[in-house]
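In: here's my sequence, what's the structure:
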Amino acid sequence: MDDIQATYIDEDEEDEDCATTATATANGVKHEPPEDHDQSEESKPSSDDDEEDPPPKKQKQLSSLTAPTLPEENQATEQPISIAAAAVGATETPKIAKKTKKKNNNVWTKPTSRKGKKKAKATANNAPTEDPVLITPVPRFPDKNDDSPDLKICLSKIYKAEKVELSDDRMHAASGKGYRMVRATRGVVEGAWYFETKVLKLGETGHTRLGWSTEKGDLQAPVGYDANSYGYRDIDGTKVHKALRETYGKEGYAEGDVIGFYINLPDGAMYAPKPPHLVWYKGQRYVCATDTKEDPPKVVPGSEISFFKNGVCQGVAFKDLCGGRYYPAASMYTLPNQPNCVVKFNFGPDFEFFPEELDGRPVPRPMIEVPYHGFDSQTENGVSNEKKH
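Out: Next up is the predicted model:
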């Protein structure tokens, strides 16, 4: 009986070993069968009842350790995984999806490679609060040799074209080979004024254009070439302004004629532009301005220019002049290899043909009475209250 009972016990242990092997294979873990029953029996804990031993724990798959846990509802709907798929999943590591950066489809922008902090752009908030000051060098500035309080009005040695020649007393002007201009040292801003010019020599090819010019008149061109000068032409007595000729006198003037020039600027100082603010900077005079924009010129109401030929008024040539300082001016012309054209200025007080009939217009004053108006009082020179830069 003992032998029969031992045989049954051996058969039961073999069945349990087969069941354990099948269960382990299904779970993806392969167990080697025991080589010796005696060793397996020795490893088992001693117990009176072998059937009451707890079944081996079911091992978890490797994929279940890293994969995220799903809700219970999703687990209920999942299909069972086959044994082969479980074996493959145990050897492969799960792939974690990376978030791809959104590509910029704009082909005109390039990624910056500059390192460090970007510099803040200048905006209205962090812009400098100081107002910019612009200075412009004065190309020509009258010195004491050209005009001073001790001198009287005459032709300027500075405000003339290089080709224009002056006499020692600076009352005669001569030029040739193209129109060139010269103007007087002093000008007028308001009131009625008069001066004369006598044509001393024209020659066979000489011509003149005489009149008034502001300080902005082009010295390398004839009087009346631009908007800053008004001229009277000798050929046919036409008037010229902005390089446009218009019929004016009955006839022109010739050599030996005396031309009178009348200008009237009532209350012209109210319409004149502001004088330039001159400063010293590094030993040179500069025009200082806080704004590059200039005020538009203002028209002087009732202003006019008239020309006289040997004491006879040729009529009103120009009206509604712009405010500013007007200087006596002359321009001469001859062909090459010809003698220069020569004119003589007379600023008074003794005139050859002072106007007698003015038709109610103000009686002019001679230009000899124009006071000195140099720039020394407007410029910082160590005496005035201006500050050097």
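
In: ok, and the closest non-adjacent residue to Tyr326?
Out: Counting by CB to CB, 6 or more residues apart in numbering, Tyr326 lies nearest to Trp212, which is 4.6 Å off, once chain neighbours are set aside. C-beta: built from backbone N, CA, C; applies to glycine.

In: now Thr247
Out: Thr238 (5.9 Å).

In: mind checking how far that neighbour is from Glu251?
Out: Thr238 sits 11 Å away from Glu251, going by CB to CB, to the nearest Å.

In: which one's more surrounded, the two?
Out: Shown here are Thr238 and Glu251; by other CB atoms under 10 Å, Thr238 has more neighbours (19 against 10).

In: and the residue nearest to Tyr326, bridged to which residues?
Out: Tyr230, Pro328 (DSSP bridges).

In: picking up where we left off before, wait, isn't the residue nearest to Thr247 in contact with Lys250?
Out: No. Using CB atoms under 8 Å, Thr238 makes no contact with Lys250, being 11.2 Å away.

In: alpha carbons of stretch 327-341, as CSV, please.
Out: In CSV, the C-alpha atoms belonging to stretch 327-341 read as follows (Å, rounded to 0.1, in the frame of the first residue of the first chain):
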residue,chain,number,x,y,z
TYR,A,327,20.9,145.3,-52.2
PRO,A,328,21.9,147.4,-55.3
ALA,A,329,23.3,144.9,-57.9
ALA,A,330,24.7,144.9,-61.4
SER,A,331,25.8,142.2,-63.9
MET,A,332,27.8,142.8,-67.1
TYR,A,333,28.6,140.7,-70.2
THR,A,334,30.9,140.7,-73.2
LEU,A,335,32.2,138.2,-75.7
PRO,A,336,35.7,136.7,-75.2
ASN,A,337,38.6,138.9,-76.3
GLN,A,338,36.5,142.0,-76.0
PRO,A,339,37.0,144.9,-73.6
ASN,A,340,35.1,144.7,-70.3
CYS,A,341,31.7,146.3,-69.8
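
In: going forward can the numbers begin at 241, since that is how I track them
Out: Got it, first residue is 241 now, which makes that one stretch 567-581.

In: now it: mean pLDDT?
Out: Stretch 567-581 shows a mean pLDDT of 93.

In: spell out the residue ranges of the helices in the protein.
Out: All helices of the chain, identified by DSSP state H, fall at 242-266, 277-283, 302-306, 312-317, 323-331.

In: quick revisit: how far away is the residue nearest to Thr487 from Val463?
Out: 13 Å.

In: what does Ala424 give?
Out: Applying CB to CB to Ala424 and Val463 gives a distance of 12 Å.

In: and if you look at His481?
Out: From His481 to Val463 the distance is 9 Å (CB to CB).

In: higher neighbour count, the two?
Out: Val463 (29 against 20).

In: thought Gly451 was touching that one, still the case?
Out: Yes. The criterion here is CB under 8 Å, and Val463 meets it with Gly451 at 4.7 Å.

In: coming back round to it: who touches both of His481 and Val463?
Out: 469-471 (CB atoms under 8 Å, 6 or more residues apart in numbering).

In: so where's the stretch 291-440 of the chain shaky on pLDDT?
Out: Filtered on pLDDT under 70, the stretch 291-440 of the chain yields the residue ranges 291-384.

In: what sits against the residue nearest to Gly508 when sequence neighbours are not counted?
Out: Excluding its sequence neighbours, the residue lying closest to Gly508 (CB to CB, 6+ apart) is Glu430, at 3.4 Å. Neighbouring residues of Glu430 by CB under 8 Å, 6+ apart: 505-509, 512.
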